[in-house]
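1. got a predicted structure plus its sequence, pasted below:
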Amino acid sequence: MGFRKAKDTDLTLIETLLSASNLSFEDCFKHLSQFLVYEENELIVGIGGAEVYDEVALLRSIAVHSEHRGLGLARAIFLGLKTELLKQGVQDLYLLTDSAELYFKHLGFAQIERDKVPQEIKQTEQFSSLCPSSAQVMTLRLK
């Protein structure tokens, strides 16, 4: 029971959990090395990931199985990802959301205009095509 880095064999379960949470999963295979999974009784019940571009990163979806929500697992996944990103030298973290703006504000994120986002983030599939243009863009300074 606990956190570990995602493995190639986790991809189908990660995609299934993202899909069940109504979150995009189409390109997560490209960034699997930046995903964390939380296991309980050898089952993946929570995941989170990022796309890292030197000193900036895009926070990918954080998803928790419906039976495990409300236990603080999403926050724990976020904190685990944040620790990993800091180790890699990431200074600024960005995300796109159309439903969890308030949640991420509680984690310290602030809304930012789309045109203020670094080019590395604008060029991601999440930013350019997978997330709707109506999604809120938020950022958090890690360092």
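-> Done, it's in.
2. helix, strand or coil for the nearest residue to Ser21 once chain neighbours are set aside?
-> Among residues not flanking Ser21 along the chain, Ala63 sits closest, at 4.2 Å (C-beta to C-beta, 6 or more residues apart in numbering). Heads up, the C-betas are built off the backbone N, CA and C, glycines and all. Following DSSP: H, G, I helix; E, B strand; the rest coil, we place Ala63 in the strand state.
3. my guess is Ala63 contacts Asn22, does it?
-> No. If you go by C-beta atoms under 8 Å, Ala63 and Asn22 don't touch, sitting 9.4 Å apart.
4. what sits against Ser134?
-> Ser134 sits next to Asp98 when contact means C-beta atoms under 8 Å, 6 or more residues apart in numbering.
5. need phi/psi at it.
-> Dihedral pair for Ser134: phi -80, psi -10, per degrees, to the nearest 10.
6. give me the pLDDT for the most centrally placed residue in the chain.
-> What sits nearest the mean C-alpha location of the chain, by C-alpha atoms, centre = their mean, is Arg60, with 2.6 Å. If you check Arg60, the pLDDT there is 86.
7. what's the strand or helix carrying it packed up against?
-> For Arg60, the host element (DSSP states H and E) is strand 56-64. Applying 3 or more C-beta pairs under 8 Å, 6 or more residues apart in numbering; DSSP states H and E, we find strand 56-64 packed against helix 11-20, strand 43-53, helix 73-87, strand 92-97, helix 119-122.
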